[in-house]
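*Asks:* Please find the sequence and the predicted model below.
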Number of protein chains: 2
Amino acid sequence: MRVNLDCVPCFMQQALKTAKLATDDERKQEQILRETAALLHELSYGCSPPHIAHQVHEIVRRVSGNPDPYSKIKSHDNKLALRLYPWLKKQVSQSDDPIYTALKLAVAGNIIDYGVNHVFDVEETVKRVLGVDFALDSLDEFRQELEKARQIIYLADNAGEIVFDRVLIEELDDIRVTLVVKGGPIINDATVGDVREAGLTGKVELDYMGNGMPGTGPERTDPVFLKKLKKADLVLSKGQGNFEGLNEQDYIFFLLMAKCPLIAKHIGVGVGDIVFIRGFNR
Amino acid sequence: MRVNLDCVPCFMQQALKTAKLATDDERKQEQILRETAALLHELSYGCSPPHIAHQVHEIVRRVSGNPDPYSKIKSHDNKLALRLYPWLKKQVSQSDDPIYTALKLAVAGNIIDYGVNHVFDVEETVKRVLGVDFALDSLDEFRQELEKARQIIYLADNAGEIVFDRVLIEELDDIRVTLVVKGGPIINDATVGDVREAGLTGKVELDYMGNGMPGTGPERTDPVFLKKLKKADLVLSKGQGNFEGLNEQDYIFFLLMAKCPLIAKHIGVGVGDIVFIRGFNR
């Protein structure tokens, strides 16, 4: 997906939100907004929204001097999800269709985002998502491909949510899972530290998607990275950011909650709907 | 009030909303956002929010070539309010305290804003506001000053709402009313055309507050304009914009619904609360 004009105020909102997390110094917060404005004045609107979000967060990091503004929130979200882990496992083990339930849980985990504070709230929301059907799904196709697959590439989304991913990954018996996380801190995206905190070390092979900074791995759209994805038996992608960057790759299965009105419209569902769909080009 | 960092994404949102109203040409919409970004990069954050909003709307007008993007909406809102006028008059005439009811109606009129389409919806919301007390009020002081006043300066807010103002103005017997509107189109603010459409011609004397463009009258903070306000027996100001520009003038009575979280916080009330207060400096 490409940047829509509706994304522009949203980038400014993200800059403000992250600036406040990154520093208490109001002069620095103001400088972050001014530099974001300069970026939005000059940038090409032909790239994908996450590509610009990365540049906004790069400004926040540089001006605030804080390399990881979401660090505390990520750890908090991981701990919160881990407290729920036994309950999540029980939902799957008691289900008639464990893979389906684990997929639903993995998308429900997407609601753990910065701002949620109580296990109780998360449990309530997860229950609600479990009671709702996918607005669109490619479940049958996924089952068929899963049957034959020996290796799956799993593109992770956020910290916290990654504990829910663990529950799904633990259902993928006899399949080699390559979990792809960010090579460096960017917003609340999962990184190698979160893989460790979520208890996934040793259960998966790790690979990296970068955030445009040297040493963090290739961008989602890097040709070598895309070739790796294409060669895999199966690719499962979590969340909106990965969908925005890779939505035209029709061999990828995307599991997400449509939180942004533009993404919901692009897919053809309502805001808040959960979907499990293959990539498409339109 | 001065610009807060929270206002910055909001200016970008206003630019987008008005750009879409002003032109269907997406290249022009994009240019409007880029120029707004340049403005937000360079501007002084020491001025008041409406001052910057005016500059944003100046960009929209210049780039789109549309001198009055809200023209249709304003006419629509006036017609909608006029259909409600007989019902409004009845509310006042049947009230035990006509001035109080007329003041409540005048602030309720503030909910007619671009986006409301049905008389029924407006009537329902007005009824709700009539059933709610002011979160803060200086009603006793206002009544005392009104008793002695021979002239009142009434600072208008939006089109549509101005029909509700008419109902209040018609209750101010034996007082000379000077109605101050904008000297040129700016957002959906009332101008002389709206005074005519609202049926207020001949019932008030007119004066103007400018929007920074030559020929539209003085800015709210112009010393000569402020002197005129200070000399008046009584000044009644409608809406958030006038409050943002004049809130430190303690002789003015401000009648508004606190829609913006920063304004609500500044006054010490909740978002959506209605207040009738004197200006203050803190």
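*Replies:* All right, it came through fine.
*Asks:* how about the helices in chain A?
*Replies:* Using DSSP state H, the helices of chain A run over A:7-22, A:26-42, A:49-64, A:71-93, A:98-108, A:119-130, A:139-148, A:161-169, A:192-197, A:223-231, A:239-246, A:261-267.
*Asks:* can you list the residues that contact the shortest one?
*Replies:* Residues outside helix A:192-197 that contact it (C-beta atoms under 8 Å, 6 or more residues apart in numbering or on different chains): A:Lys74, A:Ser75, A:Asn78, A:Lys79, A:Leu82, A:Ala159, A:Ile162, A:Leu179, A:Val181, A:Thr201, A:Val204, A:Leu206. In short, each C-beta sits where N, CA and C put it, glycine included.
*Asks:* is it true that the first one touches A:Asn188?
*Replies:* Yes. In this structure, A:Lys74 is within contact of A:Asn188 by C-beta atoms under 8 Å, at 5.3 Å.
*Asks:* Show me the domain layout of chain A.
*Replies:* With domains defined by automatic domain parsing, chain A comprises A:7-64, A:71-278.
*Asks:* The helices of chain A: which one's closest to B:Asp273?
*Replies:* Closest of the helices of chain A to B:Asp273 is helix A:7-22, at 24.3 Å (criterion: C-beta to C-beta).
*Asks:* List the buried residues for that closest one?
*Replies:* Residues A:7-16, A:18-22 are the ones in helix A:7-22 that count as buried (16 or more other C-beta atoms under 10 Å in any protein chain shown).
*Asks:* Chain B contacts on chain A?
*Replies:* A:5-6, A:8-9, A:12-13, A:15-16, A:19, A:26, A:29-30, A:33-35, A:37-42, A:45 (C-beta under 8 Å from any C-beta of the partner chain).
*Asks:* Tell me which residues touch the nearest residue in space to A:Leu146 that is not next to it in sequence, please.
*Replies:* Once flanking residues are discounted, A:Leu146 sits nearest to A:Leu234: 6.4 Å by C-beta to C-beta, 6 or more residues apart in numbering or on different chains. A:Leu234 sits next to A:Phe142, A:Glu145, A:Leu146, A:Ala149, A:Gln151, A:Ile152, A:Ile153, A:Phe253 when contact means C-beta under 8 Å, 6+ apart.
*Asks:* mind putting the helices of chain A in JSON lines, mean pLDDT included?
*Replies:* Shown next, in JSON lines, are the helices of chain A (pLDDT from 0 to 100):
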{"stretch": "helix A:7-22", "mean pLDDT": "94"}
{"stretch": "helix A:26-42", "mean pLDDT": "97"}
{"stretch": "helix A:49-64", "mean pLDDT": "92"}
{"stretch": "helix A:71-93", "mean pLDDT": "94"}
{"stretch": "helix A:98-108", "mean pLDDT": "95"}
{"stretch": "helix A:119-130", "mean pLDDT": "82"}
{"stretch": "helix A:139-148", "mean pLDDT": "96"}
{"stretch": "helix A:161-169", "mean pLDDT": "97"}
{"stretch": "helix A:192-197", "mean pLDDT": "96"}
{"stretch": "helix A:223-231", "mean pLDDT": "94"}
{"stretch": "helix A:239-246", "mean pLDDT": "92"}
{"stretch": "helix A:261-267", "mean pLDDT": "93"}
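*Asks:* which stretch among those helices comes nearest B:Pro223?
*Replies:* Comparing the helices of chain A by C-beta to C-beta, helix A:26-42 comes nearest, at 29.0 Å.
*Asks:* From the chain's centroid, how far away is the closest one?
*Replies:* Here helix A:26-42 is found 26 Å from its chain centre; the criterion is C-alpha atoms, centre = their mean, to the nearest Å.
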